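J.: Next one to model:
(chains A, B, C and D)
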There are 2 protein chains.
Amino acid sequence: MKAPPVTERGRRTRAAIVTAAAELMHRHGLAGPSIDDVLAASGTGKSQLYHYFDSRQDLAAAVLYHQFDRVMESQPALHDPACADLRAWRDQVLAAHRDSGYGTCPLGAFVGQVDDEPELRSILAELFDRWAGSLAGLVMRARDDGRVRSDIYPDDAGGMLLAALEGGTILAHLHRQSAPLERSLDSAIVALTAKDASIVHSQSD
Amino acid sequence: MKAPPVTERGRRTRAAIVTAAAELMHRHGLAGPSIDDVLAASGTGKSQLYHYFDSRQDLAAAVLYHQFDRVMESQPALHDPACADLRAWRDQVLAAHRDSGYGTCPLGAFVGQVDDEPELRSILAELFDRWAGSLAGLVMRARDDGRVRSDIYPDDAGGMLLAALEGGTILAHLHRQSAPLERSLDSAIVALTAKDASIVHSQSD
DNA sequence: CTGTGACTGTACTATTTAGTACAGTAGAGG
DNA sequence: CCTCTACTGTACTAAATAGTACAGTCACAG
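T.: Here you go, the predicted model:
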């Protein structure tokens, strides 16, 4: 990790590189774009990139953080302490997915592409944990509000909702339509609210 | 697509190449291993590979079909006309996942890595459709058996179960444990069986 | 002004890559 | 035994790749 930029000009340069790299890596895989591709897309030069990043992998790490921020911004329900509505979150997820042109998940797309690089793998796992944690917070608020069954464990439910989002996004991307994601999310919410269900609340291991 | 091998020796050679390529591409991404990596892992030579495949992409296509066959073999419940039990399928999925060392899905891992190659993309979409179709068949048998609600649309439910599998597999892989997959599958099944639910059976678009 | 450190442009290297050329060898059918 | 085709070994090429070297330019503090 090199020192962050200290001037405005430097911040713009670094941001241009990360934004372009994130876009390309999201679309073509973490290992897809070459350094030269990133430079061309960002309108910068090689010396600029290596001024802010030690290596290609260092750049990839910055991309992961950048993608996490994008996801969090697109799901404000997760950070609104006044929001206890799972369907509001559902709507935000669907809207973001539509806006992205039915793309893959900005973070989920990288799972399975970081197994060779422990550094990146641990960053990605950490980001997913934070995401699932925020989701668990929302579930807890919904539970306290009486909108999901009271025997639900928020942590387990958060992971389950995240799984529904990831799986639904994959199928929706393959078919280039949002229906699979919609059904996946709706079913997951049903499982948390149906009164005669009795599975989701198994204790964590 | 080159001609398939006609001798036993040729069949063994081709199979060794595809098997090694499948293993490597599953683990490191479709674009991960170089041709030379595949050759080293399969104990074959370059002239042998190009004798059976036109190009790297042609090899990748063969890998997709190979992975599909592996998945189908690991889920016999899908093809057993006597099986109407979603939980039997669930158990087979979990067993296969454990056996793989909590790996990513043999097919799902490639979604988002084929967007640049329309040929591969259409193959993968086709294979997923076949998978979802088999799953819909199982749901239909379960419905006729009275094991899921009668207002369920098997096609929609099949996609939903597949989404739960894919998403659960992703999280399970990240955490190197099967609990997330287990909860995801169980919740999906609950959504199909809970008597007071009312969402999953929305008509397809 | 002016020096200093942040930032940038350009040329280069060593390696790896997909794919080709071509001369072979193996082994089944005649 | 012979021959013909399937199959294989080895050497090569042209392009792309991550990363380095180094000489600059910019803008603000003194």
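
J.: for chain A, which spans come out with low pLDDT?
T.: Counting by pLDDT under 70, the low-confidence segments of chain A come to A:197-205.

J.: just the helices in it please.
T.: Using DSSP state H, the helices of chain A run over residues A:8-28, A:35-42, A:46-52, A:56-74, A:86-99, A:118-144, A:154-175, A:179-193.

J.: Now do the closest residue to A:H51 other than its chain neighbours against B:A20, distance only.
T.: On the basis of CB to CB, 6 or more residues apart in numbering or on different chains, the spatially nearest residue to A:H51 that is not a chain neighbour turns out to be A:K2, at 7.1 Å. All C-beta spots, glycine's among them, are computed from the backbone N, C-alpha and C. Between A:K2 and B:A20 the distance is 39 Å, computed by CB to CB, to the nearest Å.

J.: Name the residues of stretch A:12-20 that are buried.
T.: In terms of neighbour count (16 or more other CB atoms under 10 Å in any protein chain shown), stretch A:12-20 has its buried residues at A:13-14, A:16-18, A:20.

J.: does it come close to DNA strand D?
T.: No: Stretch A:12-20 stays clear of DNA strand D (CB under 7 Å from any atom of the strand), getting no nearer than 11.6 Å.

J.: For that stretch, list the C-alpha coordinates in CSV.
T.: Included here for stretch A:12-20 are C-alpha records, laid out as CSV according to Å, rounded to 0.1, in the frame of the first residue of the first chain:
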residue,chain,number,x,y,z
ARG,A,12,-8.6,12.8,-9.0
THR,A,13,-6.0,10.7,-10.7
ARG,A,14,-6.2,7.9,-8.2
ALA,A,15,-10.0,8.0,-8.3
ALA,A,16,-10.0,7.8,-12.1
ILE,A,17,-7.8,4.7,-11.9
VAL,A,18,-9.8,2.9,-9.3
THR,A,19,-13.1,3.7,-11.0
ALA,A,20,-12.0,2.5,-14.4
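
J.: hang on, the earlier thing: hmm, A:L49 and the residue nearest to A:H51 touching each other?
T.: No: distance between A:K2 and A:L49: 10.3 Å, which falls outside the contact criterion (CB atoms under 8 Å).

J.: Same drill for the two, tell me which one is more crowded.
T.: A count of neighbours by other CB atoms under 10 Å in any protein chain shown puts A:L49 above the other of A:K2 and A:L49, at 22 against 12.

J.: any idea which residue sits dead centre in chain A?
T.: When chain A is reduced to its mean C-alpha position, the closest residue under CA atoms, centre = their mean turns out to be A:L107, at 4.0 Å.

J.: Quick check: nearest residue in space to that residue, chain neighbours excluded?
T.: Computed as CB to CB, 6+ apart, the closest residue to A:L107 that is not its neighbour in sequence is A:Q67, at 5.3 Å.

J.: hang on, isn't the one you found packed against A:A22?
T.: Yes: in this structure, A:Q67 is within contact of A:A22 by CB under 8 Å, at 5.8 Å.
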